[in-house]
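Engineer: any chance you could fold what I've pasted below:
(6 chains)
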Number of protein chains: 4
Amino acid sequence: MLISIDRQSPRPAWQQVADELCRLVATGALGADEQIPSVRTLALELAINPNTIQKAYTSLEAAGITYAVAGVGRFVSPDARGIIATRGQERLAELQHSMSELVQTGITQEQLLDTVQAAVTKGGQA
Amino acid sequence: MLISIDRQSPRPAWQQVADELCRLVATGALGADEQIPSVRTLALELAINPNTIQKAYTSLEAAGITYAVAGVGRFVSPDARGIIATRGQERLAELQHSMSELVQTGITQEQLLDTVQAAVTKGGQA
Amino acid sequence: MLISIDRQSPRPAWQQVADELCRLVATGALGADEQIPSVRTLALELAINPNTIQKAYTSLEAAGITYAVAGVGRFVSPDARGIIATRGQERLAELQHSMSELVQTGITQEQLLDTVQAAVTKGGQA
Amino acid sequence: MLISIDRQSPRPAWQQVADELCRLVATGALGADEQIPSVRTLALELAINPNTIQKAYTSLEAAGITYAVAGVGRFVSPDARGIIATRGQERLAELQHSMSELVQTGITQEQLLDTVQAAVTKGGQA
DNA sequence: GTGGTCTAGACCACG
DNA sequence: GTGGTCTAGACCACC
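Structural biologist: Model (predicted):
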């Protein structure tokens, strides 16, 4: 379970956990109906409070990305990838907003294109 | 002064105020050594507590973007634009990170380039 | 925690608190990633308003000397000592300026050297 | 009247004016019983509020460094240099305190001695 | 009038 | 429990 969180990040820990799980699903490391670690297990592994994992799992379930089977465990929803893809479109819209702000402060189109290029190269490798 | 803040936003009010001031400086609406509204004036105008404005102004001064003259007022620092430009570069690095994450979830390079195009168009008009 | 502030001093309380923390880091009493007292705890101990401590801590964080983990606490930044050392160099430059002014009013080099000697003796003991 | 003040300095303007006059007396540019500029004149020259000059002059008179002759003007006291020299001793004590603090943060005696050397050289030239 | 500091008390998110 | 934000109102120094 290649999950890691940054405790110094301003981003809440529970959100980082949820994001990481989404990433594993998006990259195919976690397939449909595959089981994800229990709250207790993941809490021990990441050395953070179980409540934090619980909150992350609750948000994932609310979004329809996972489903729980009482007494058995949690599993990746069949349509998880679709939901995550939709979220990606929303984040893209936010990115556009950030970029247009940067343009106003003097960032050129060329710099943005270079950044895209670097991001694609970096993201493709990983 | 063309400053407005969104009280619904999760972003702290004081940060929004600071951002708006930065924007005015970046776009050239506020030049070097130009006076900015007093704490009380802006507080009245935006209908928020003076301490919140004070916090915004303190952060700007800590960043070297403005300077205060006791009993007189606050002014835009001569090297404010340079500092803001530097910040832009840092935000660009963060954007790259976000983009590489999106690439992993299936966003294509073409979609990113379209987003850049839209952002430049939108940012250039404003 | 061996922190004490002088309420009579013209120096703001929040700055005194920040200075004391820096001193503890500089002397090694507080090591990297070590936790510092919570806002409320220190406020009770020093019998001043929590907001004043908060202001001190915010300034330390802005300077990169500490970092906060939401819901957990504040910790000494790994490069805190380096930052404090840099600040020391800046204060040294200010001291030089003060000294050259004193020289103009008739203070001799010998008197300055005696002062340095006394300061080193005093500072070394503490 | 080689007087200049720094409006961006955290040091109050009236104190800067008083300091500058002290400096002129200490260096001998202004001799005993010599007349100093009127409040109005100096205010115009420095382009600052007359009240500020007034405050500076009041503090100088309270310290016995100048004396006023009603309807005529203000003049340097005969014992002005002595008073300023005494003040220098007090500032020296403050400097010692600052230096001992710096020593605690890791500044070495050698660095301090170098600083003294530089200050003497710089102050002697001026 | 200006900025700066401090107090008191409230609310929220995070863990 | 932690830190972060916001409000309300007070006092001070400076110009």
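Engineer: make it CA atoms for all contacts and neighbour counts henceforth
Structural biologist: Will do.
Engineer: now name the helix or strand holding the residue most central in space within chain A.
Structural biologist: With distances taken as CA atoms, centre = their mean, chain A has A:Asp19 as the residue nearest its mean C-alpha position (2.1 Å). For A:Asp19, the host element (DSSP states H and E) is helix A:13-26.
Engineer: and what of A:Glu45?
Structural biologist: Element membership of A:Glu45 [criterion: DSSP H and E] is helix A:39-46.
Engineer: mind checking how far the very next helix or strand once past that helix is from the chain centre?
Structural biologist: Next helix or strand after helix A:39-46 toward the C-terminus (DSSP H and E): helix A:50-62. Per CA atoms, centre = their mean, to the nearest Å, the displacement of helix A:50-62 from the mean C-alpha position of its chain is 13 Å.
Engineer: neighbouring contacts of whichever helix or strand comes after helix A:50-62?
Structural biologist: As assigned by DSSP H and E, the chain's next helix or strand after helix A:50-62 is strand A:66-69. When contacts are taken as CA atoms under 8 Å, 6 or more residues apart in numbering or on different chains, the neighbours of strand A:66-69 outside the stretch itself are A:Tyr57, A:Leu60, A:Glu61, A:Arg74, A:Phe75, A:Val76, A:Ser77, A:Ala80.
Engineer: and those residues, which is closest to chain C?
Structural biologist: Lowest distance from chain C to the contacts of strand A:66-69 (CA to the nearest CA) belongs to A:Tyr57, with 19.2 Å.
Engineer: how near is the closest one to B:Thr105?
Structural biologist: From A:Tyr57 across to B:Thr105, the span is 19 Å (CA to CA, to the nearest Å).
Engineer: higher neighbour count, these two?
Structural biologist: Neighbour totals were compared for A:Tyr57 and B:Thr105, and A:Tyr57 leads with 25 against 22 (other CA atoms under 10 Å in any protein chain shown).
Engineer: who's in contact with the more buried one?
Structural biologist: Under the criterion of CA under 8 Å, 6+ apart, the contact list for A:Tyr57 reads A:Ala18, A:Thr66.
Engineer: next, the residue of chain A positioned farthest from its centre: phi, psi?
Structural biologist: Seen from the C-alpha centroid of chain A, the residue lying at the greatest distance (CA atoms, centre = their mean) is A:Gly106, 30.7 Å away. Comment: the main-chain dihedrals of A:Gly106 come out as phi 110, psi 0, following degrees, to the nearest 10.
Engineer: from B:Ile84, how far off is it?
Structural biologist: The span separating A:Gly106 from B:Ile84 equals 10 Å under the rule CA to CA.
Engineer: mutual contacts of the two, please.
Structural biologist: Overlap between the contact sets of A:Gly106 and B:Ile84, as judged by CA under 8 Å, 6+ apart, is given by B:Ala26.
Engineer: returning to that earlier point: so is the helix holding A:Asp19 next to DNA strand E?
Structural biologist: Yes - counting by CA under 7 Å from any atom of the strand, DNA strand E has neighbours in helix A:13-26: A:Ala13, A:Trp14.
Engineer: which strands or helices does that helix pack on?
Structural biologist: Contact analysis of helix A:13-26 by 3 or more CA pairs under 8 Å, 6 or more residues apart in numbering or on different chains; DSSP states H and E lists helix A:50-62, helix A:80-104 as its packing neighbours.
Engineer: quick one: is that helix near DNA strand F?
Structural biologist: No - no part of helix A:13-26 sits close enough to DNA strand F to count as contact by CA under 7 Å from any atom of the strand; the gap is at least 12.1 Å.
Engineer: run the angle between that helix and helix A:50-62 for me.
Structural biologist: For helix A:13-26 against helix A:50-62, the angle by axes from the mean of the first three to the mean of the last three CA atoms, to 10 degrees is 50 degrees.
Engineer: what's helix A:13-26 in contact with?
Structural biologist: The list of residues contacting helix A:13-26 from outside it, by CA under 8 Å, 6+ apart, reads A:3-7, A:30-31, A:52-53, A:55-57, A:59-60, A:76, A:80-81, A:84, B:104-106.
Engineer: same thing but at 6 Å, please
Structural biologist: Here helix A:13-26 makes contact (CA atoms under 6 Å, 6 or more residues apart in numbering or on different chains) with A:Leu30, A:Thr52, A:Ala56, A:Arg81, B:Thr105.
Engineer: with stretch A:87-101 instead?
Structural biologist: Counting contacts by CA under 6 Å, 6+ apart, the residues outside stretch A:87-101 that touch it are B:Thr115, B:Ala119, B:Val120, B:Gly123.
Engineer: okay, now A:Asp33: neighbour count?
Structural biologist: Residues within reach of A:Asp33, counting by other CA under 10 Å, total 15.
Engineer: separation between it and C:Gln89?
Structural biologist: Going from A:Asp33 to C:Gln89 by CA to CA gives 60 Å.
Engineer: just give me the neighbour total for A:Gly28.
Structural biologist: A:Gly28 sits with 12 neighbouring residues when counted by other CA under 10 Å.
Engineer: and A:Gln125, by the same measure?
Structural biologist: In terms of burial, A:Gln125 registers 9 neighbours under the definition other CA under 10 Å.
Engineer: just list the residues touching it, thanks.
Structural biologist: With contacts taken as CA under 6 Å, 6+ apart, A:Gln125 has no neighbouring residues.
Engineer: next, count neighbours for A:Thr58.
Structural biologist: Residues lying near A:Thr58 (other CA under 10 Å) number 17.
Engineer: now do the same for it: its pLDDT.
Structural biologist: Among the per-residue scores, A:Thr58 holds a pLDDT of 96.
Engineer: next one: phi and psi at the residue in chain A positioned nearest to DNA strand F?
Structural biologist: For chain A, the nearest residue to DNA strand F under the criterion CA to the nearest atom of the strand is A:Pro10, separated by 8.6 Å. Here the main-chain torsion angles of A:Pro10 (degrees, to the nearest 10) amount to phi -70, psi -20.
Engineer: can you check A:Ile36 too?
Structural biologist: phi -110, psi 160.
Engineer: OK, contacts around it?
Structural biologist: With contact taken as CA under 6 Å, 6+ apart, A:Ile36 is in contact with A:Arg74, A:Phe75.
Engineer: what about 8 Å?
Structural biologist: With CA under 8 Å, 6+ apart, A:Ile36 has these contacts: A:Gly73, A:Arg74, A:Phe75, A:Val76.
Engineer: check A:Leu46 too.
Structural biologist: For A:Leu46, the contacting residues are A:Ser4, A:Ile5, by CA under 8 Å, 6+ apart.
Engineer: distance check, the nearest residue to A:Thr115 once chain neighbours are set aside against A:Pro50.
Structural biologist: Closest residue to A:Thr115 apart from its sequence neighbours, by CA to CA, 6 or more residues apart in numbering or on different chains: B:Gln96 at 5.8 Å. Counting by CA to CA, the separation of B:Gln96 from A:Pro50 is 32 Å.
Engineer: show me which of the two is the more surrounded one.
Structural biologist: Between B:Gln96 and A:Pro50, counted using other CA under 10 Å, the more crowded position is B:Gln96 (22 against 18).
Engineer: what's the domain layout of chain A?
Structural biologist: When chain A is parsed into structural domains using automatic domain parsing, the resulting residue ranges are A:13-78, A:81-125.
Engineer: lowest-confidence stretch among those?
Structural biologist: When the domains of chain A are compared on average pLDDT, domain A:81-125 comes out lowest at a mean of 90.
Engineer: how long is that one end to end?
Structural biologist: For domain A:81-125, the first and last residues are 20 Å from each other (CA to CA).
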